[in-house]
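>>> Make a model of this:
(chains A, B, C and D)
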There are 2 protein chains.
Amino acid sequence: MAARISTQKKILNAAEMLFSRDGFEQTSLRQITQEAGVNLASVNYHFGSKKALIQAVMARYLVIFMPVLEEQLQQAEQQSELKTEELFKRFKIPLAKLTEVNKQGPDIFLRLLGFAYSEIQGHLRKYTQQEFGGVLQHLLALLKRANPHLDEQQMFWRLHFILGAAVFAQVSGQALIEIAQSEFNEKVEAQDVIDQLIPFVSGGLEEA
Amino acid sequence: MAARISTQKKILNAAEMLFSRDGFEQTSLRQITQEAGVNLASVNYHFGSKKALIQAVMARYLVIFMPVLEEQLQQAEQQSELKTEELFKRFKIPLAKLTEVNKQGPDIFLRLLGFAYSEIQGHLRKYTQQEFGGVLQHLLALLKRANPHLDEQQMFWRLHFILGAAVFAQVSGQALIEIAQSEFNEKVEAQDVIDQLIPFVSGGLEEA
DNA sequence: AATTAGATTAAACGCATGTTTAAATCATGC
DNA sequence: GCATGATTTAAACATGCGTTTAATCTAATT
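Below you'll find the predicted structure:
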């Protein structure tokens, strides 16, 4: 009755909690295995290396998130008029789906994504590009259609600014939420941050 | 004739180059002292610790940047109409002043700033807040005046999104510039990135 | 020229990391 | 119920880090 969850799952659960709280580099395998209640060596036994573990943690979310996002993009594509803000709003559906993995899945995934890009995780970028590059290119094509007034260079940079704003909001997220809470005396949820983010990035992208 | 530059300056120069390229945590004192051509122990002799060295590297730029920014804000304040984009454009003057420290000063400073926020450099945030908090509060007040349609919460989040976009653009800067170059077949300077950034953040901030 | 305070040096310290080893334990199929 | 392969375990390994030590060198002062 002690161990109903496999060692792999125990490691993944502990790792995603710590990774999303402190970042990949800041989290040691000793922390993870202690939190998971398993032996230190079992990470390398089951996953091969820390890098592979990081990838496995991300994959658990990406394989759910990406197909649902692609589905949303295809729906959007069939509409006559393509509005920027509506495109971004469609991210909320694949995000919500992540509760299947974990009740806090959406928050965790966004923070992991943030760390993946703010720390230099070359192997993660490569992995994402290889596995889900098509979805991201699809998104880019639709954003171009919604903003025909922007040239290639403007679009390129603004997309990266958007990524930066989103990533930063998540990585600094918990600290910021706490500041916001003490400043405004009301409860702030991670969901609220996205609702704040969407009009900002839409406005920034559309700007002439 | 061998050593015309003091050991301190040699360390600062090597450190800022490596810090701005790879980040604070990713750069070891052994790398820095080797690059500077000085002994490993001299960092701790002259600066006391790695943390203090990081602070010294930042300070060299901040003591120039911040007063000139404050000067610009005061000029802006005297104008009848306060436009968001014009406020952000005024950042270009204090930035340009940083060529006094180093020909590449503006680029280096922005990248350092990016790492300072994306890595968890609590002591740096505290230092900046203590030494230059007044200037930043001044900026906030002017942005509020230029955007009276935004409430406190919107302003709070959008400022952090802006910070994220700026920081991310700098930290991922070199990699992004290289991608942009290969994609558009034209030379991209760090200055161009700022010119791209200003309309984006202005549009995002002003959005209803 | 001797003294002395400051600067530089090579070496070691203590600690934390990811990884590997080899033995012990467990579980499963015959 | 035993043999076998998969898993778990404690311990050690190799490496890199920031920091400290104590000896040596340098240069200015008396």
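>>> Looking at the residue lying closest to residue A:152 once chain neighbours are set aside now. What's its pLDDT?
Excluding the flanking residues, the one nearest residue A:152 by Cβ to Cβ, 6 or more residues apart in numbering or on different chains is residue B:184, at 6.5 Å. Every C-beta, even on glycine, is put in place using the N, C-alpha and C of the backbone. In this prediction, residue B:184 carries a pLDDT score of 70.
>>> which residues does residue B:184 contact?
Contacts for residue B:184 (Cβ atoms under 8 Å, 6 or more residues apart in numbering or on different chains) come out as A:152-153, A:156.
>>> repeat for residue A:71
residue A:94.
>>> can you tell me the helix or strand for it?
Using DSSP states H and E, the element containing residue A:71 is helix A:50-77.
>>> touching DNA strand D at all, that helix?
No - between helix A:50-77 and DNA strand D, judged by Cβ under 7 Å from any atom of the strand, nothing touches; the nearest distance is 13.2 Å.
>>> buried sites along the next helix or strand after that helix?
Going down the chain from helix A:50-77, the next helix or strand is helix A:84-89, by DSSP H and E. For helix A:84-89, a neighbour-count test (16 or more other Cβ atoms under 10 Å in any protein chain shown) marks A:84-85, A:87-89 as buried.
>>> still on that earlier bit, can you add neighbour count, pLDDT and secondary structure and give the contacts of residue B:184 back as CSV?
Shown next, in CSV, are these (neighbours: other Cβ atoms under 10 Å in any protein chain shown; pLDDT from 0 to 100; DSSP: H, G, I helix; E, B strand; the rest coil):
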residue, neighbour count, pLDDT, secondary structure
A:152, 11, 84, helix
A:153, 15, 84, helix
A:156, 19, 84, helix
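>>> ok, these vs residue A:134, which is closest?
Residue A:134 lies nearest to residue A:156 out of the contacts of residue B:184, by Cβ to Cβ, at 18.5 Å.
>>> what about the closest one, distance to chain B?
With the distance defined as Cβ to the nearest Cβ, to the nearest Å, residue A:156 ends up 6 Å from chain B.
>>> repeat for residue A:16
19 Å.
>>> same question, residue A:102
As for residue A:102, its distance to chain B is 24 Å (criterion: Cβ to the nearest Cβ).
>>> What of residue A:135?
Separation of residue A:135 from chain B (Cβ to the nearest Cβ) stands at 19 Å.
>>> Under the pLDDT cut-off, which ranges of chain A? List them.
A:1-3, A:120-121, A:173-183, A:185-190 (pLDDT under 70).
>>> rerun at 80
Along chain A, the parts satisfying pLDDT under 80 run over A:1-4, A:117-122, A:124-125, A:167-192.
>>> helix or strand for the most centrally placed residue in it, which one?
By Cα atoms, centre = their mean, chain A has its centre lying nearest to residue A:110, at 3.1 Å. Element membership for residue A:110 (DSSP H and E) is helix A:105-118.
>>> ok, the following helix or strand past that helix near DNA strand C or not?
Using DSSP H and E, the helix or strand that follows helix A:105-118 towards the C-terminus is helix A:122-146. No - on the criterion Cβ under 7 Å from any atom of the strand, helix A:122-146 is out of touch with DNA strand C, staying 11.4 Å away.
>>> rewinding a little: could you tell me which residues make contact with the residue lying closest to the residue nearest to the centre of chain A once chain neighbours are set aside?
Nearest-residue entry for residue A:110: residue A:170, 4.4 Å, with adjacent residues in sequence omitted and distances by Cβ to Cβ, 6+ apart. Applying Cβ under 8 Å, 6+ apart, we find residue A:170 in contact with A:110-111, A:113-114, A:193.
>>> Let's see that with 6 Å instead.
By Cβ atoms under 6 Å, 6 or more residues apart in numbering or on different chains, residue A:170 lies in contact with A:110-111, A:114.
>>> do you know how far it is from residue A:21?
12 Å (Cβ to Cβ, to the nearest Å).
>>> Could you show which parts of chain A are in contact with DNA strand C?
So far as Cβ under 7 Å from any atom of the strand goes, chain A lies against DNA strand C at A:27-31, A:40-41, A:43-44, A:49-51.
>>> Among the residues you listed, which lie within helices?
A:29-31, A:41, A:43-44, A:50-51 (DSSP state H).
>>> ok, back up a step: so which of the buried residues of helix A:84-89 reach DNA strand D?
Among the buried residues of helix A:84-89, no residue lies close to DNA strand D (Cβ under 7 Å from any atom of the strand).
>>> In the residues you listed, find the pair that's most separated.
The distance between the two most remote of the buried residues of helix A:84-89 (Cβ to Cβ) is 9.7 Å, for A:84 and A:89.
>>> Can you pull the residues of chain A lying near chain B?
Contacts of chain A with chain B, taken as Cβ under 6 Å from any Cβ of the partner chain, map to A:118, A:153, A:156-158, A:160-161, A:164-165, A:168-169, A:176, A:180, A:184, A:196, A:199-200, A:203-204, A:207.
>>> ok, the contacts of residue B:184 vs DNA strand D, which is closest?
Taking Cβ to the nearest atom of the strand as the measure, residue A:156 is the one of those closest to DNA strand D, at 33.8 Å.
>>> Only C-alpha atoms, please: export stretch A:196-208 in PDB.
Taking Å, rounded to 0.1, in the frame of the first residue of the first chain, the C-alpha atoms of stretch A:196-208 are listed here in PDB:
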ATOM      1  CA  GLN A 196      -4.000  40.900 -18.400                       C
ATOM      2  CA  LEU A 197      -1.500  39.700 -20.900                       C
ATOM      3  CA  ILE A 198      -3.700  39.100 -23.900                       C
ATOM      4  CA  PRO A 199      -4.800  42.700 -24.500                       C
ATOM      5  CA  PHE A 200      -1.300  43.900 -23.900                       C
ATOM      6  CA  VAL A 201       0.400  41.600 -26.500                       C
ATOM      7  CA  SER A 202      -2.500  42.100 -28.900                       C
ATOM      8  CA  GLY A 203      -2.100  45.900 -28.700                       C
ATOM      9  CA  GLY A 204       1.600  45.700 -29.100                       C
ATOM     10  CA  LEU A 205       1.500  43.400 -32.100                       C
ATOM     11  CA  GLU A 206      -1.100  45.300 -33.900                       C
ATOM     12  CA  GLU A 207       0.500  48.700 -33.400                       C
ATOM     13  CA  ALA A 208       1.200  50.400 -36.700                       C
END
